[in-house]
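Asker: this is a predicted model, with the sequence first.
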Amino acid sequence: MTRTTDGSAGDADSARIGQDHRKYRRPEPSFARAIAKALGDARTVLDVGAGAGSYEPTDREVTAVDATAEDLPFADDTFDAAMTTFSVHEWGDLERGLAELRRVTRGPIVILTCDPDRVEDFWLAEYAPEVMATEARRYPSLARIAAALADDAVTTTRLPIPFTCVDGFSEAYYARPERLLDPGARRADAAWSSVDEMTARRSVAALRTALESGEWDRAHGALRTQPTFEGSLVLLTAQPHPA
């Protein structure tokens, strides 16, 4: 059961990427299982930024807020748990948003995000450096998130990305670089809409040249048979300390 409140948020051009989002950004089952495990036995769940995620559990009562978390219209301790996926980097005031999540949540807060310190370690930075540098700047550091939740016990789990990942952010194609030559795949990833068109075209051309020349395979070809990839994707779980 899902209840939705309207809102708007984000620094990406949602009109540009929206048409391809559902086709290329589907919930990855392995990530969904990790989120479900982190939510524990919570029956009522608040999902903030739901429009960017699609990881709402189907076996619990979910209240979806397609917006940021800075001013939530709920009473204290309304929900058993809260979650947000690929969203915290779009909040105008991260600390206030996390404080609001904790205010309305009795149990765990589960955050799927990327570690900005690892974003540019991905091979795409060799061909699209401006895209990946912009992406890294968008995400808050894990230390900042943990500091904002300092009254909680915060655990960080790195999520391995499967070869067949269906949630098409850049690292999902670690073994399938040709997918990033598809304009629809790029439009579905806000990283690409964060740079100007000329920069994006130059980056795509560099990747295409590397693939056609065999340069990519010489440098990274082993990834084509690697079942999982540990990149920047992380799951943070904040549990309130016992009273």
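Answerer: Arrived safely.
Asker: my guess is His21 contacts Arg186. True?
Answerer: No - judged on CB atoms under 8 Å, His21 makes no contact with Arg186 at a distance of 11.9 Å. (Glycine included, C-beta is placed from N, CA and C.)
Asker: name the residue in those two with the higher neighbour count.
Answerer: Neighbour count, other CB atoms under 10 Å: between His21 and Arg186, Arg186 has more, with 23 against 19.
Asker: and the more buried one, what does it touch?
Answerer: Leu180, Trp192, Ala200, Val204 (CB atoms under 8 Å, 6 or more residues apart in numbering).
Asker: Thr199 now?
Answerer: Contacts for Thr199 (CB under 8 Å, 6+ apart) come out as Glu130, Val131.
Asker: roughly how far out does the helix or strand containing it sit from the chain middle?
Answerer: Thr199 belongs to helix 197-213 when assigned by DSSP states H and E. Centroid separation for helix 197-213 versus its chain: 24 Å, with CA atoms, centre = their mean, to the nearest Å.
Asker: and it, which residues are buried?
Answerer: Buried residues in helix 197-213, defined by neighbour count with 16 or more other CB atoms under 10 Å: Thr199, Ala200, Ser203, Val204, Leu207, Arg208, Ala210, Leu211.
Asker: now swap in stretch 136-149 and tell me
Answerer: Ala136, Arg138, Tyr139, Pro140, Leu142, Ile145, Ala146, Ala148, Leu149.
Asker: could I get those residues as TSV with distance to Asp115?
Answerer: TSV is the format used below for the buried residues of stretch 136-149 (distance: CB to CB, whole Å):
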residue	distance to Asp115
Ala136	9
Arg138	12
Tyr139	7
Pro140	10
Leu142	6
Ile145	10
Ala146	12
Ala148	16
Leu149	16
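Asker: of the residues you listed, just say which sits nearest to Thr63.
Answerer: Ranked by distance to Thr63 (CB to CB), the buried residues of stretch 136-149 are led by Leu149 at 20.5 Å.
Asker: for this structure, what spans make up the strands?
Answerer: Using DSSP state E, the strands of the chain run over 2-5, 44-48, 61-65, 81-85, 109-114, 152-158, 161-162, 228-229, 233-240.
Asker: where among those is average confidence lowest?
Answerer: Ranked by mean pLDDT, the strands of the chain end with strand 2-5 at the bottom, a mean of 42.
Asker: in the protein, which helix or strand is least confident?
Answerer: The weakest-scoring helix or strand in the chain, judged by mean pLDDT, DSSP states H and E, is strand 2-5 (a mean of 42).
Asker: flag the shaky bits of the chain, pLDDT-wise.
Answerer: Scanning the chain for pLDDT under 70 picks out the ranges 1-20, 50-53, 243.
Asker: any idea how far stretch 173-187 is from the middle of the chain?
Answerer: 17 Å.
Asker: start and end of that stretch, how far apart?
Answerer: Stretch 173-187 has its terminal residues 14 Å apart, counting by CA to CA, to the nearest Å.
Asker: next: stretch 62-72.
Answerer: 15 Å.
Asker: Asp189 versus the residue most central in space within the chain, what's the distance?
Answerer: The centroid of the chain falls nearest to Phe86 when counting by CA atoms, centre = their mean (2.8 Å). Distance, Phe86 to Asp189, by CB to CB, to the nearest Å: 10 Å.
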